[in-house]
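J.: Generate coordinates for the sequence data below:
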Amino acid sequence: RDFELTWIVRPGSNPAVGLFAEEIGGSNYVLGIISPPAATASGARKPRDMIFVIDNSGSMGGPSMDQAKASLEYALSRLDHADRFNVIRFDDTMEMLFPKPVDANAVNVSEARRFARSLEADGGTEMVEPLRSALTDDESSASDRLRQVIFLTDGAIGNEQEMFELLGRKLGRSRVFMVGIGSAPNTFLMTRMAEIGRGTFTHIGDVGQVESRMRELLGKLETPAVTDMGISLRETAGELTPETMPDLYRGEPLVFMARLNSLKGDVEISGNIGGNAWNERLALAGARKGSGIGRLWARRKIDDAAIEPGVDLLRSEGDPPSA
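T.: Below is the predicted model:
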């Protein structure tokens with residue numbers, strides 16, 4: 001059975017970083033865990049562009065549709081006056097409520113609520129075009145606003161690979177947050193989309209969980225613990241994964257891995273906390289010994305290859321992927 005791991009973060013205003021290493025066949029594999037601080041640093045809340053994508057296909061019929069609509073209405077209620085937003089609904093067709101994101105004023109939010117309440121579950125599930133539309137960003141260079149995409153779906157689709165490749169190509173500055181609706185959502189699809197989309201996955205199993213789970217998710221999204229995360233190697237060479245780090249949110253640790261020729265030099269982690277630059281440098285030689293890290297590295301590299309267009313991990317001829 002599945003289990004849930006919870007822990008208490010040590011007090012402090014900066015993230016905690018741990019390093020572990022394993023040597024296999026002359027290569028050194030490093031795993032780093034970045035835990036968020038116990039409290040989010042104070043600072044001005046960044047305005048956001050919020051794109052809500054809601055699945056109203058036939059597989060969402062019954063309680064799942066009720067949960068999705070309640071989740072969307074709750075999310076709309078949390079918008080700030082400085083935010084902008086849009087709503088996209090999809091089954092085997094797609095509809096955008098507004099041509100482009102609009103101000104989160106009372107009139108626009110009320111129209112979005114009426115739109116949400118009118119939705120009924122019907123038709124097939126075609127998720128590629130809604131995802132493409134949600135990631136289309138006319139202000140890709142805007143650094144003063146956070147762009148967050150929230151998908152509300154059971155993930156009942158079959159073209160997962162196409163979704164992963166599209167995310168890899170068009171993500172830009174967006175962050176994608178998957179909300180799995182119902183008792184048995186496609187957790188593989190949504191977990192992987194959240195990883196590629198530099199976001200998180202939240203599961204809502206019944207109507208009674210809607211407000212608590214959405215409150216938890218939206219609270220994190222409103223005040224990221226660390227944004228603009230970056231990792232680099234100093235005085236050593238190697239491969240890092242992921243190449244682009246997501247933001248760090250309360251209760252959501254980040255994991256990165258590296259394959260190095262040696263454990264000389266440092267790994268430097270940087271980011272932005274409450275508008276202030278933060279960085280920490282750790283000596284690779286001080287990493288604690290671990291086991292299984294090489295296998296985790298190989299699995300992560302295969303996952304990374306899966307989002308590259310034209311890469312077929314199931315090919316039957318020729319050499320297998322190097323990972």
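
J.: The stretch 151-300 of the chain: strands as residue ranges?
T.: Applying DSSP state E, counting those that start in this stretch to the stretch 151-300 of the chain gives strands spanning 174-181, 201-204, 227-234, 238-241, 254-260, 266-273, 276-283, 288-289.

J.: will you turn those into JSON lines that also has mean pLDDT, distance to Gly158 and mean neighbour count?
T.: (C-beta placed from N, C-alpha, C; glycine too.) What follows is the strands of the stretch 151-300 of the chain, written out as JSON lines (pLDDT from 0 to 100; distance: least, Cβ to Cβ, whole Å; neighbours: other Cβ atoms under 10 Å):
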{"stretch": "strand 174-181", "mean pLDDT": "92", "distance to Gly158": "17", "mean neighbour count": "25"}
{"stretch": "strand 201-204", "mean pLDDT": "89", "distance to Gly158": "19", "mean neighbour count": "22"}
{"stretch": "strand 227-234", "mean pLDDT": "89", "distance to Gly158": "33", "mean neighbour count": "16"}
{"stretch": "strand 238-241", "mean pLDDT": "90", "distance to Gly158": "27", "mean neighbour count": "17"}
{"stretch": "strand 254-260", "mean pLDDT": "93", "distance to Gly158": "29", "mean neighbour count": "20"}
{"stretch": "strand 266-273", "mean pLDDT": "92", "distance to Gly158": "37", "mean neighbour count": "19"}
{"stretch": "strand 276-283", "mean pLDDT": "92", "distance to Gly158": "42", "mean neighbour count": "13"}
{"stretch": "strand 288-289", "mean pLDDT": "95", "distance to Gly158": "42", "mean neighbour count": "9"}
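
J.: out of those, nearest to Arg215?
T.: The minimum distance between Arg215 and these falls on strand 201-204, with 10.9 Å, by Cβ to Cβ.

J.: Can I get the strands of the stretch 151-300 of the chain in TSV including distance to Ile150?
T.: As requested, the strands of the stretch 151-300 of the chain are exported to TSV (distance: least, Cβ to Cβ, whole Å):
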stretch	distance to Ile150
strand 174-181	5
strand 201-204	9
strand 227-234	17
strand 238-241	26
strand 254-260	20
strand 266-273	22
strand 276-283	27
strand 288-289	37
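
J.: for the protein, what are the low-confidence residue spans?
T.: Residues of the chain meeting the criterion pLDDT under 70: 1, 9-11, 38-44, 306-323.

J.: quick one: contacts for the spatially most central residue of the chain?
T.: The chain has Gly199 as the residue nearest its centroid, 1.3 Å off, counting by Cα atoms, centre = their mean. Residues in contact with Gly199 (Cβ atoms under 8 Å, 6 or more residues apart in numbering) are Gln148, Val149, Arg175, Val176, Phe177, Met178, Pro246.

J.: quick revisit: select, out of the strands of the stretch 151-300 of the chain, the one closest to Pro101.
T.: Nearest of these to Pro101, taken as Cβ to Cβ: strand 174-181 at 11.9 Å.

J.: who does the closest one pair up with?
T.: With DSSP bridges as the test, strand 174-181 is paired with strand 146-153 (parallel), strand 201-204 (parallel).

J.: Dump those strands to a markdown table, plus distance to Lys289.
T.: Listed next are these as a markdown table, based on distance: least, Cβ to Cβ, whole Å:
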| stretch | distance to Lys289 |
| --- | --- |
| strand 146-153 | 38 |
| strand 201-204 | 31 |
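
J.: To what extent is Tyr29 buried, counted in neighbours?
T.: Neighbourhood size, Tyr29 [other Cβ atoms under 10 Å]: 22.

J.: Just confirm it is within a strand.
T.: Yes. Judged by DSSP: H, G, I helix; E, B strand; the rest coil, Tyr29 forms part of a strand.

J.: State the distance from Ala184 to Asp2.
T.: 12 Å (Cβ to Cβ, to the nearest Å).

J.: same check, this time on Asn28
T.: To Asp2, Asn28 is 33 Å away according to Cβ to Cβ.

J.: any chance of the contacts of Gly199 in a markdown table, plus distance to Leu76?
T.: A markdown table is the format used below for those (distance: Cβ to Cβ, whole Å):
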| residue | distance to Leu76 |
| --- | --- |
| Gln148 | 14 |
| Val149 | 15 |
| Arg175 | 18 |
| Val176 | 19 |
| Phe177 | 15 |
| Met178 | 18 |
| Pro246 | 24 |
